[in-house]
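> Got a sequence here, can you build the structure:
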Amino acid sequence: MQEELLASIQAIFDRVSTLAQKDTEFRQHLRTVGKAVTALAEELDKEDRARVAAARPDPKVVEAVAALGDKLRDNVIAPLPPPPVVQPERTEERPPIEDGELRLIQERCELKVEALEWCILGRFTPEEEQDPDGMETRKRLMIERAKALPDCYLWMLYPWTCSRGGQEDWENLCECFANLAHMAEVLQAVLPRRDDQREFFERAVKMTAEVQSALRVAVESVGNRMPDPDQEKSFLWLRRTTTEQRVFVDRFMRWNDRAEPVHWSDVRDRLELLYEEFHDTLNVDKEATKALNKARYHIKMIERSPGAPHEYDWQVVIDAIEAAERLGMPPSSVELRDLLLPVMDELPVFATPHAGFDLVIREIDRFLTTMPVSASAALVQAPTPELLRVRDMLRGTTVVLIGGDPRPAARAALEQAFELAELLWLTSEEHQSIELFRPHVARSEVALVILAIRWSSHSFGDIKAFCDAYGKPFVRLPGGYSPNQVARQILEQASEWIQEQQAEG
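Sure thing, here's the model as predicted:
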């Protein structure tokens, strides 16, 4: 609600500013209204002062009451009970900020740096040296970009939100936002290695406390009455992370322990040093990490709406990963694996091959073959109506899955989800004869044959002829092995078999 209100006020102020620039008569009316509002505020201040003065008791009455109180205290046998303790009103706990928000914090802060550069130019550069039309165009474009980002409000563009501070204060604020943007970038690089690079992780967390504290103070110095949302989100991320990871931060986590914005240059240098040392230790180019940070943001977009079209997001992810490989990151790296694992079951089949990206997927698939069966619990999803329908038809049967390397955890998850007697997972290799699969398809207890086309030779499509010969439904699986996704493909591709099962049922 608060963000909607601020956005509405922003829209009204934009419209008023546009009219005032073009209409001198309207501008004069604004001045008149401003004077009237100022006079009203001054009159109300006078009335408040008069009421306070009238409410003051006569000094003689105060003295008499005090004397009477002394006499009463001398004659009271038992002490009076203490006044009841008034419990402070409990405020709603703000939700923690997850690691995925760091990419958005970085993007919003980078845009706020541009907005502050615009403010500094407009506030402290002589009018004759400015380009009003160009300034207005820049402002409009920045606002449009802000609307495209979640929770992004460029409060510094509007004079009524912040009216104090000299040029140095505004420049400090700009640099503090730049430091927070860079800090978020560093955190995105360090977080995947927090276990094996604990020292860098803790250093980054402690620096984040200093960076966000300096930004909070810088926001206050220009007169903004509300905290900046990205500074608050950074603090909430810190509070969650320090608790979960048991990192003790001894400075800049309390309101009265304030970092000074004027030291932004020193903070920037220490931050860059941390970034350099981290990458030197891992022997990975910084640009590779930047590429992965970009990919990480688009993967979050895919995670937020699975099943929706994400062609653009996937293309950005592929380009970023292949760029990281060219900069020296191996396809088997932990960073790449952890990046893609959450969306492996959403991976589409691409029309054209991507050599570098395909190598990474192969390495991840090889890793998943080593995942223990006990990890299958992590693959179990809430069953969809489609899965429940397919479960009723497959319960107690055997299903053949051809393609790729068998994954124990995925096999267990599929067997559990569909209540199968067995999932018979057959490996496939290039130029392998499909005759090897015929006996398995012919087995009487086999109710369904699935071909994982991502890891299968195109000739394996001839397996459908076997299925037709033995009366077995045949399904091509284009993506991952999640039970819900497999159920969806079965319903879409085996409609005749489904109708027969329902008729028999």
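> per-domain residue ranges of the protein.
12-43, 101-282, 376-504 (automatic domain parsing).
> Next one: the nearest residue to Asp285 once chain neighbours are set aside, what pLDDT does it get?
Closest residue to Asp285 in three dimensions, ignoring its sequence neighbours and counting by C-beta to C-beta, 6 or more residues apart in numbering: Leu327, at 4.1 Å. For every residue, glycine as well, the C-beta is placed using N, CA and C. pLDDT, Leu327: 82.
> Report the helix or strand with the lowest average pLDDT across the protein.
helix 59-75 (a mean of 57; mean pLDDT, DSSP states H and E).
> Around Arg194, how many other residues sit close by?
Neighbour count for Arg194, taken as other C-beta atoms under 10 Å: 18.
> Correct me if wrong: it contacts Gln188.
No - judged on C-beta atoms under 8 Å, Arg194 makes no contact with Gln188 at a distance of 11.6 Å.
> picking that back up, can you redo the domains of the chain as a markdown table, where the extra columns are distance to Ala308?
Below are those laid out as a markdown table (distance: least, C-beta to C-beta, whole Å):
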| stretch | distance to Ala308 |
| --- | --- |
| domain 12-43 | 32 |
| domain 101-282 | 16 |
| domain 376-504 | 14 |
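> Output the ones you listed as CSV; include the columns distance to Glu303 and mean pLDDT.
Shown next, in CSV, are the domains of the chain (distance: least, C-beta to C-beta, whole Å; pLDDT from 0 to 100):
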stretch, distance to Glu303, mean pLDDT
domain 12-43, 34, 71
domain 101-282, 12, 92
domain 376-504, 13, 82
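> So which of the ones you listed is nearest Lys294?
domain 101-282 (8.2 Å; C-beta to C-beta).
> the strands in the stretch 51-200 of the chain, which residues?
Using DSSP state E, counting those that start in this stretch, the stretch 51-200 of the chain contains no strands.
> all strands in the stretch 351-500 of the chain, in order from the N-terminus.
398-402, 422-426, 446-452, 474-477.
> List the contacts of the first one.
Yep, that's strand 398-402 we're talking about. With contact meaning C-beta atoms under 8 Å, 6 or more residues apart in numbering, strand 398-402 is reached by 414, 418, 420-426, 428, 437, 440-441, 443, 445-452, 456, 460, 463, 477.
> Can you give the strand pairings for that strand, parallel or anti for each?
Sheet pairing of strand 398-402 (DSSP bridges) gives strand 422-426 (parallel), strand 446-452 (parallel).
> Likewise for the last one?
Based on DSSP bridges, the strands next to strand 474-477 in the sheet, each with its direction, are strand 446-452 (parallel).
> C-alpha coordinates for the partner strand, PDB please?
Backbone C-alpha positions of strand 446-452 (Å, rounded to 0.1, in the frame of the first residue of the first chain) are rendered in PDB as follows:
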ATOM      1  CA  VAL A 446       5.600 -52.900 -18.800                       C
ATOM      2  CA  ALA A 447       2.700 -50.400 -19.100                       C
ATOM      3  CA  LEU A 448       4.600 -47.400 -20.600                       C
ATOM      4  CA  VAL A 449       7.800 -46.600 -22.400                       C
ATOM      5  CA  ILE A 450       9.400 -43.100 -22.000                       C
ATOM      6  CA  LEU A 451      12.200 -41.800 -24.200                       C
ATOM      7  CA  ALA A 452      14.400 -39.000 -22.700                       C
END
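> Off-centre distance for it?
Relative to its chain's centre, strand 446-452 lies at 38 Å (C-alpha atoms, centre = their mean, to the nearest Å).
> what's in contact with it?
Contacts for strand 446-452 (C-beta under 8 Å, 6+ apart): 393-394, 397-404, 424, 440-441, 460-461, 463, 466-467, 472-477, 481, 486, 489-490, 494, 497.
> Minimum distance to Pro306: which of the domains of the chain has it?
When the domains of the chain are compared by C-beta to C-beta, domain 376-504 sits nearest Pro306, at 9.0 Å.
> ok, the closest residue to Pro483 other than its chain neighbours to Val399 distance?
Spatial nearest neighbour of Pro483, excluding adjacent residues (C-beta to C-beta, 6+ apart): Ala417 at 3.5 Å. Per C-beta to C-beta, to the nearest Å, Ala417 is found 11 Å from Val399.
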